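no FASTA, just this:
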RNA sequence: GGCGCGGUACCCAAGUGGUAAGGGAGAGGUCUGCAAAACCUUUAUGCGUCGGUUCGAUUCCGACCCGCGCCUCCA
């Protein structure tokens, strides 16, 4: 079964076939680095990451490009406010964005920056002018003439036919032929960043960079273009207009858009006080893996209601999976194999694949893995998991994690980084006790813990439960959870 | 106003024209020196409301109520 994805262009779920057999070329609209990214941004980037990972698991080579918008109105305004250069300003937030993305397990695409492609953008505009699709306004700005592109509106399903007859719409305050014409290039203003180019001085409009850089990296036609749902119009519509006007060829074949999320049932906004960045959540003591799991658990086209209760639930769910893996890798098993476990592992793999093939139904993929966990745990309890069952069960778990990427437990070091960041940024007051407690466990090395566990083992051998319990309590204090099982003592960091 | 999406148990959340996945939480139980982990049982005659189509609808159609998005650079 091939992957079936919703294509915004056709408004329906279609089979996804890349233009080249074994390779997927995809472009994602990245952040404008004017501030820290918030969980809404990262919902989109995680959705794209899940897609990328699943495509790779499906056997494709991936060429994945993402832009960093490092020049725009807000950046110019904020950098001036802070008295730093645009470069200094954007460097800080680009770094923060990449750190957050890494913290959330997002694989880094090939990055392209707007400011590093200014000459190409100017060339692009020059060619559009040559072909009659763009014009220069009196102030030196350039606009795209949408009346020349009859398909304008096809992605967002908007009807612009009334302005396609070339009639000049009278708009006094603009130097545009039609109110809908969008800026390709903005003439310089005093004090603003500006570049000298073949089409004169100025800076690029927002949409231009994505057309220029995607074509440069991926070719004039490529497989998939992704972003948040708000980008459908005008951003992606404009990219299509300028790109296809220039090349005469179809731009991206698939358009992938992630839905916005709600926070505690409401639209996320600073005024409602429900606006969060990943760092905010970690400062409150939540684990990066919980955040990723929650953001990945609702299929990308559904509205996701991000709640703190949900975050706690996500943490428990991830723990359950990690515990299961621990049990698989640490247990003692009798030789042989149990056909039921073999079948279970195979079927789980198939179910996950089918779920993700179905427009990336992550909720169903999760259901499949939990079904396996429960059944295998039941078999564990009756001693009917055999040595040869372990590899296939682990493989199914790995297959899950190749896409979801939450099993590897590096939450504590990541949380520690956020704590340190808060200290350097003067945000000590925002560091919760929960975060301090969590990071505490990082102070004990594995060897330290092993030594304590050895003491515990000795105490238990002589049935000195008081001493054993005391050590356990001490470790618990330091954030280490100790479990006594039939197969011995095992521990993990909470 | 135009275009589009959604309303499923205490919470999060899949799903199907034939009788409701999964996770969390709660309750009871098994195991256990105690914990932890794990397992078992249990929690929606019901899927926003009202009509319609159908042998049969949560699933299709219509109306209404509510929430959300886009419609001048917010993922």
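Perfect, I can see it now. Every value quoted in this text rests on a predicted model; they were computed, and no experiment measured them. Numbering: from 1, shown residues only, chains lettered A, B, ... in the order given.

The residue of the stretch 1-150 of chain A found nearest RNA strand B: what's it in contact with?
Distances between the stretch 1-150 of chain A and RNA strand B by Cβ to the nearest atom of the strand are smallest at residue A:40, namely 2.4 Å. C-beta: built from backbone N, CA, C; applies to glycine. Residues near residue A:40 by Cβ atoms under 8 Å, 6 or more residues apart in numbering: A:228, A:260-261, A:268.

Could you give the average pLDDT over the helix or strand harbouring it?
Assigned by DSSP states H and E, residue A:40 falls within helix A:39-57. If you average the pLDDT over helix A:39-57, you get 97.

Run the chain-centre distance for the next helix or strand after it.
Past helix A:39-57, further along toward the C-terminus, the next helix or strand under DSSP H and E is strand A:61-68. Strand A:61-68 has its C-alpha centroid displaced from the chain centroid by 13 Å (Cα atoms, centre = their mean, to the nearest Å).

For the residue of chain A at minimum distance from RNA strand B, give me the pLDDT.
Across chain A, no residue is closer to RNA strand B than residue A:228, which sits at 1.3 Å (Cβ to the nearest atom of the strand). At residue A:228, the pLDDT value in this model is 96.

cool, residue A:131 as well?
96.

pretty sure it is touching residue A:245, no?
Yes. Counting by Cβ atoms under 8 Å, residue A:131 does reach residue A:245; the two are 6.8 Å apart.

between these two, who's got more neighbours?
Neighbours per residue, other Cβ atoms under 10 Å: of residue A:131 and residue A:245, the larger number sits with residue A:245, 23 against 12.

got the contact list for that one?
For residue A:245, the contacting residues are A:128, A:131, A:133, A:144, A:148-149, by Cβ under 8 Å, 6+ apart.

that older thread, quick check: buried residues in the helix holding residue A:40?
A:39-56 (16 or more other Cβ atoms under 10 Å).

got the angle for it vs strand A:61-68?
160 degrees (axes from the mean of the first three to the mean of the last three Cα atoms, to 10 degrees).

re the thing from before, export the contacts of residue A:245 to a markdown table and tack on secondary structure and distance to RNA strand B?
Shown next, in a markdown table, are the contacts of residue A:245 (DSSP: H, G, I helix; E, B strand; the rest coil; distance: Cβ to the nearest atom of the strand, whole Å):
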| residue | secondary structure | distance to RNA strand B |
| --- | --- | --- |
| A:128 | helix | 18 |
| A:131 | coil | 23 |
| A:133 | coil | 19 |
| A:144 | strand | 13 |
| A:148 | helix | 20 |
| A:149 | coil | 17 |
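
and the nearest residue to residue A:441 once chain neighbours are set aside, how many residues sit next to it?
Leaving aside its sequence neighbours, residue A:441 sits nearest to residue A:479 (Cβ to Cβ, 6 or more residues apart in numbering; 3.0 Å). By the criterion of other Cβ under 10 Å, residue A:479 has 18 neighbours.

how much space between residue A:479 and residue A:357?
Separation of residue A:479 from residue A:357 (Cβ to Cβ, to the nearest Å): 40 Å.

So which bits of stretch A:478-487 are buried?
In stretch A:478-487, counting by 16+ other Cβ under 10 Å, buried: A:478-480, A:482.

same question, stretch A:127-139
A:128-129, A:133-137.

just how off-centre is that stretch within its chain?
The answer for stretch A:127-139 is 37 Å, by Cα atoms, centre = their mean.

for stretch A:454-471, same thing?
So, by Cα atoms, centre = their mean, the centroid of stretch A:454-471 is 46 Å from its chain's centroid.

Touching it from outside, list them.
A:452, A:472, A:482, A:484, A:488-489.

Other residues contacting the helix or strand where residue A:95 lies?
For residue A:95, the enclosing helix or strand under DSSP H and E is helix A:86-103. With contacts defined as Cβ under 8 Å, 6+ apart, helix A:86-103 is touched by A:31, A:33-37, A:42, A:45, A:68, A:70-71, A:75-76, A:78-79, A:82, A:108, A:115, A:193, A:277-279, A:282, A:288, A:414, A:417-418.

Packing partners of the top helix by length along chain A?
The longest helix of chain A (DSSP state H) is helix A:308-330. Using 3 or more Cβ pairs under 8 Å, 6 or more residues apart in numbering; DSSP states H and E, the elements in contact with helix A:308-330 are helix A:288-297, helix A:362-381, helix A:390-404, strand A:488-493.

I'd like the next helix or strand past the third one.
Pointing back at helix A:390-404 there. helix A:411-424.

JSON lines please, covering the helices and strands packed on helix A:308-330 and showing mean pLDDT.
Formatted as JSON lines, these follow (pLDDT from 0 to 100):
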{"stretch": "helix A:288-297", "mean pLDDT": "98"}
{"stretch": "helix A:362-381", "mean pLDDT": "96"}
{"stretch": "helix A:390-404", "mean pLDDT": "98"}
{"stretch": "strand A:488-493", "mean pLDDT": "85"}
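
Of those, which is nearest residue A:432?
With Cβ to Cβ as the measure, helix A:288-297 is the member of the helices and strands packed on helix A:308-330 nearest residue A:432 (14.2 Å).

And that closest one, how far out from the chain middle?
What separates the centre of helix A:288-297 from the centre of its chain is 10 Å, taken as Cα atoms, centre = their mean.

repeat for stretch A:400-411
Distance, stretch centre to chain centre, for stretch A:400-411: 14 Å (Cα atoms, centre = their mean).
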